[in-house]
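[1] Return a 3D structure for these sequence lines:
(4 chains)
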2 protein chains.
Amino acid sequence: MGKITVSRAGGMAIGQLSRLTGVNIETIRYYERIGLLDAPPRTAAGRRTYDNGHRRALAFIRRGRELGFGIADIRALLALASPVGSSCAQVERIAQAHLDAVRAKLTDLARLEHILSETVGRCTRQDPVACPVLDMLDGG
Amino acid sequence: MGKITVSRAGGMAIGQLSRLTGVNIETIRYYERIGLLDAPPRTAAGRRTYDNGHRRALAFIRRGRELGFGIADIRALLALASPVGSSCAQVERIAQAHLDAVRAKLTDLARLEHILSETVGRCTRQDPVACPVLDMLDGG
DNA sequence: GCTAAATGCTGTAGCGACTACAGGAACAAG
DNA sequence: CTTGTTCCTGTAGTCGCTACAGCATTTAGC
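    Numbers count the residues shown, from 1 in each chain, chains lettered A, B, ... in the order given. Below you'll find the model as predicted:
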């Protein structure tokens, strides 16, 4: 499968690109502003006209975001994706680091879930005075 | 008769409160600014002097944050905690809603972890051309 | 008493990753 | 030709802090 290249076909407005990729219009402009997505050419009236290369790049960005990669990571991944046969090892390093971060968050959230569910589970609705949730917050 | 520095029933400076609660000084001032923590009295020179009530409230806030509650939730929980025997049902509602949110995030993260680990696991380091990570991002 | 270091103060700006306007210009459909 | 939609720029807001800058005050050592 080819890497991301600019093809001449396309020529769509920002709203259409938004609909095709599922990325908010404001977000597309935001990506352009921070230099993540290439600035497209403009019509005489100043409107952005995107081609399929942009669409592919934006879809790439979107998948990356859905997988929880940060903007900096995606920027690096996009750079690594453009020359054919580029360093897969570097890509793996980024993905592995992200996976580690996801696992750390997962552990953290699981711990949270455990504490919260245990505490909420002790809410009896019978004793109107003692509140296990407040008890935990107020002094362990 | 030594000068009273600390150790009256409270009467601590912000740095000491910070050390006691583990909450950053800037964060304590931030909590005051947004009206989460009561503004303490000041010395003649304008320095904040906290008592044990503040310390308790701040510890409460900190535990809430550690459990992932948002500022708005903690504000509500603090209000519900102040009159004795107040509505535990409302507390439970807030905690349950938060627990639901935590569980949703947990599910999401687990899905992410699954996809990422599977993809990174396919990185062979043998084929220099195909990169499973890039493949997934670019149209997979 | 004097000085240096620590601590405190206010106010503002930055982070990440958007989102939400305001106030206008241009385009498409009827 | 009008109306409604799309698009433009620029700015400010979100959340929960964190990090200065540039001072004032307090404390510890000598």
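
[2] Check chain A for the residue nearest DNA strand D and tell me.
    residue A:15 (2.1 Å; C-beta to the nearest atom of the strand). Every residue, glycine included, has its C-beta placed from N, CA and C.

[3] Could you name the specific helix or strand carrying that residue?
    Mapping residue A:15 onto the secondary structure by DSSP states H and E places it in helix A:14-21.

[4] Check the average confidence over that helix, would you?
    Averaged over helix A:14-21, pLDDT sits at 97.

[5] List the buried residues for that helix?
    For helix A:14-21, burial by neighbour count (16 or more other C-beta atoms under 10 Å in any protein chain shown) applies to A:14, A:17-18, A:21.

[6] other SSEs contacting that helix?
    Packing contacts for helix A:14-21, counted by 3 or more C-beta pairs under 8 Å, 6 or more residues apart in numbering or on different chains; DSSP states H and E, involve helix A:25-33, strand A:50-51, helix A:52-66.

[7] can you tell if the last one touches DNA strand D?
    If I follow you right, that is helix A:52-66. No. Applying C-beta under 7 Å from any atom of the strand, one finds helix A:52-66 out of contact with DNA strand D, separated by at least 12.0 Å.

[8] what's the helix or strand just after that helix in contact with?
    For helix A:52-66, the succeeding helix or strand toward the C-terminus, using DSSP H and E, is helix A:71-81. Helix A:71-81 has contacts (C-beta atoms under 8 Å, 6 or more residues apart in numbering or on different chains) with A:3-4, A:34-36, A:57, A:60-61, A:64-65, A:69, A:86-87, A:90-91, A:94, A:98, B:133-134, B:137-138.

[9] Tell me which residues touch residue A:40, please.
    Applying C-beta under 8 Å, 6+ apart, one finds that residue A:40 lies in contact with A:32, A:48-51, A:54.

[10] For residue A:21, which non-adjacent residue is spatially closest?
    residue A:58 (4.8 Å; C-beta to C-beta, 6 or more residues apart in numbering or on different chains).

[11] Check the burial of that neighbour by counting its neighbours.
    23 (other C-beta atoms under 10 Å in any protein chain shown).

[12] If we only consider the contacts of residue A:40, which is nearest to chain B?
    Set against chain B, the nearest of the contacts of residue A:40 by C-beta to the nearest C-beta is residue A:54 (13.8 Å).

[13] Tell me how far the closest one lies from residue A:76.
    Separation of residue A:54 from residue A:76 (C-beta to C-beta, to the nearest Å): 19 Å.

[14] Check chain A for its longest helix and report it.
    Using DSSP state H to define each element, chain A has its longest helix at helix A:88-121.

[15] Give me the contact status of the next helix or strand after that one with DNA strand D.
    Next helix or strand after helix A:88-121 toward the C-terminus (DSSP H and E): helix A:132-137. No. Helix A:132-137 stays clear of DNA strand D (C-beta under 7 Å from any atom of the strand), getting no nearer than 14.0 Å.
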